[in-house]
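Enquirer: generate a structure from the sequence data that follows.
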Amino acid sequence: MKLLILDRDGVINYDSDAYIKSLEEWIPLPGAVEAIARLSKAGWTVAVATNQSGLARGYYDPATLDAMHNRLRQLVAEQGGQLGLIVHCPHGPEDGCNCRKPKPGLLQQIATHYRVALTGLWFVGDSTGDLQAAQAVDCQPVLVKTGKGERTLDKPLPSGTLVFDDLAAVAEHLLH
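Expert: Numbering: from 1, shown residues only. The predicted model follows:
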């Protein structure tokens, strides 16, 4: 199985330090939906692992999050692709869960769902926490410069981190 795991905010859609709180605020990054569809049509399974502490903070409800993810699935389908499993951490930073990145729980949920080992799988993110989560389970850490990616480049990166301009560039690399 060819499995690619993505962070959401800053990788697939625009991010905001004020949180993405509504369907109207959920805006795909240029080329991201097309990249997911291209990968899907080429036989890749694309899954998403996203921290959504806005739920714990009361900024939006589960139905709003579901609407965002349904919109993402719809847009990918309109391009002829399919999006795989989407898992999210609903907890706040102080909740002590195992699913909030940089902890590896979300990635482990995906591995369990697809019955695959995480070793060497690519996890694409835009933050240090994403890269640390990848490293914790021996995934290949991949940084995109979108979202918080440019700021993340200014910090020490895990050894072997691959860096791409955006999700479209990741897809192009994997498909060629």
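Enquirer: count the residues that sit near Gly43.
Expert: 9 (other CB atoms under 10 Å). Heads up, the C-betas are built off the backbone N, CA and C, glycines and all.
Enquirer: cool, and Glu172?
Expert: 15.
Enquirer: please apply the same query to the one 4 residues further on.
Expert: Burial of His176 is recorded as 5 neighbouring residues (other CB under 10 Å).
Enquirer: show me what the longest strand along the chain is packed against.
Expert: Ranked by residue count under DSSP state E, the longest strand found in the chain is strand 44-51. In terms of contacts (3 or more CB pairs under 8 Å, 6 or more residues apart in numbering; DSSP states H and E), strand 44-51 is packed against strand 2-6, helix 32-41, strand 86-89, helix 105-114.
Enquirer: show me what the shortest one is packed up against.
Expert: By that I understand strand 86-89. strand 44-51, helix 62-78, helix 105-114.
Enquirer: among those, which comes closest to Val124?
Expert: strand 44-51 (9.6 Å; CB to CB).
Enquirer: for the record, mean pLDDT for the closest one?
Expert: Confidence over strand 44-51, taken as the mean pLDDT, stands at 98.
Enquirer: strands paired with it, and their directions?
Expert: Here strand 44-51 has these sheet partners by DSSP bridges: strand 2-6 (parallel), strand 86-89 (parallel).
Enquirer: closest to Glu172 out of these?
Expert: strand 2-6 (12.9 Å).
Enquirer: thinking again about what came up before, now the longest strand of the chain and helix 62-78, what's the angle there?
Expert: Going by axes from the mean of the first three to the mean of the last three CA atoms, to 10 degrees, strand 44-51 is angled at 160 degrees with respect to helix 62-78.
Enquirer: next, the angle helix 32-41 makes with strand 44-51.
Expert: Going by the same axes, to 10 degrees, strand 44-51 makes 140 degrees with helix 32-41.
Enquirer: about what we covered before: next, format the strands paired with strand 44-51 as JSON lines and append mean pLDDT.
Expert: JSON lines is the format used below for those (pLDDT from 0 to 100):
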{"stretch": "strand 2-6", "mean pLDDT": "98"}
{"stretch": "strand 86-89", "mean pLDDT": "98"}
